[in-house]
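A.B. asks: 3D, please:
(one chain, ligands or ions: 1)
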Amino acid sequence: MKRVMPVGIVYGSSTGNTRDVAVKLHAILGGDLHDVTEIDAETIGRYDRLVFATSTWGAGDLQDDWEAFLPTLDAIDFAGKRVGILGLGDQEHYPDIFADAMAILADKVEERGGRIVGLTATDGYTYERSRAVRKGRFLGLAVDEDSQSGRTDERLHGWAEQLRREFA
Ligand SMILES: Cc1cc2nc3c(=O)[nH]c(=O)nc-3n(C[C@H](O)[C@H](O)[C@H](O)COP(=O)(O)O)c2cc1C
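C.D. replies: Predicted coordinates for the structure are as follows:
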């Protein structure tokens with residue numbers, strides 16, 4: 001019998017944008033919503049299906065709370081887990097490091113044996129370079145509340161549909 005598990009959505013957010021977008025995704029996708037400052041390795045370990053949501057800060061760096069949590073991810077075996085990455089960034093002001101932090105989380109998940117799902121096309125974004133793009137696709141869903149907030153809802157709905165298929 002196949003186990004049915006809720007999705008664990010874990011976000012780190014410095015000024016609230018990623019939190020707000022994660023709340024919206026949670027309303028569409030269901031599951032459980034966690035702030036990364038309030039979760040531990042054991043709780044993450046219980047989910048087979050996860051969404052990690054982070055913004056990018058500094059110069060292509062991970063959001064601070066995620067940065068602090070990164071060593072904890074090293075204690076988790078991601079074998080059998082599928083993870084979607086939601087990345088907030090600003091393509092207008094950071095066009096050559098747009099949403100780079102997505103790649104830091106994706107690399108860590110893969111290093112720990114997990115599978116990244118929910119890759120998306122780069123159509124509709126205007127940027128020059130991003131570490132979050134691999135073989136022409138974002139490593140998850142890139143959301144830009146600074147310069148493309150009008151597209152966020154549509155992007156989230158499309159991605160949630162995709163995740164439902166790829167989590168199944
Ligand atoms: C000081 C500063 C540095 C930033 N660095 C980047 C960056 O390197 N790449 C990027 O795509 N966005 C960058 N951003 C944009 C943020 O990622 C974006 O505003 C995001 O929505 C913030 O989400 P949060 O409030 O959840 O942390 C930066 C913003 C600020 C204010």
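
A.B. asks: Any idea how far the longest strand seen in the chain is from the middle of the chain?
C.D. replies: Looking across the chain with DSSP state E, the single longest strand is strand 49-57. In this view, strand 49-57 has its centroid 3 Å away from the chain centroid, taken as C-alpha atoms, centre = their mean, to the nearest Å.

A.B. asks: ok, that strand near the ligand or not?
C.D. replies: Yes. Using C-beta under 6 Å from any ligand atom, strand 49-57 reaches the ligand at 55-57. C-beta coordinates here come from the backbone N, C-alpha and C atoms, glycine included.

A.B. asks: For the residue nearest to Phe69 when sequence neighbours are not counted, give me the pLDDT.
C.D. replies: Nearest residue to Phe69 in three dimensions, chain neighbours excluded: Val36, at 5.1 Å (C-beta to C-beta, 6 or more residues apart in numbering). pLDDT recorded at Val36 is 98.

A.B. asks: Run a quick neighbour tally on Val36.
C.D. replies: Counted with other C-beta atoms under 10 Å, the neighbours of Val36 add up to 23.

A.B. asks: remind me, longest helix of this structure?
C.D. replies: helix 152-167 (DSSP state H).

A.B. asks: need the contact list for whichever residue of the chain sits closest to the ligand.
C.D. replies: Proximity of the chain to the ligand (C-beta to the nearest ligand atom) peaks at Gly89, 2.5 Å away. By C-beta atoms under 8 Å, 6 or more residues apart in numbering, Gly89 lies in contact with 55-56, 98-101, 130, 132, 142-144.

A.B. asks: For the protein, list the residues in contact with the ligand, please.
C.D. replies: Residues of the chain lying close to the ligand (C-beta under 6 Å from any ligand atom) are 13-18, 55-60, 63, 88-90, 94, 97-100, 145-146.

A.B. asks: Filter these down to just the ones in helices.
C.D. replies: Short answer: the residues of the chain next to the ligand in helices (DSSP H) are 17-18.

A.B. asks: which residues touch Thr18?
C.D. replies: By C-beta under 8 Å, 6+ apart, Thr18 lies in contact with 11-12, 53-55, 63, 86, 88.

A.B. asks: Kindly state the pLDDT recorded for it?
C.D. replies: Thr18 is assigned 99 on the pLDDT scale.

A.B. asks: and the gap between it and Asp48?
C.D. replies: 23 Å (C-beta to C-beta, to the nearest Å).
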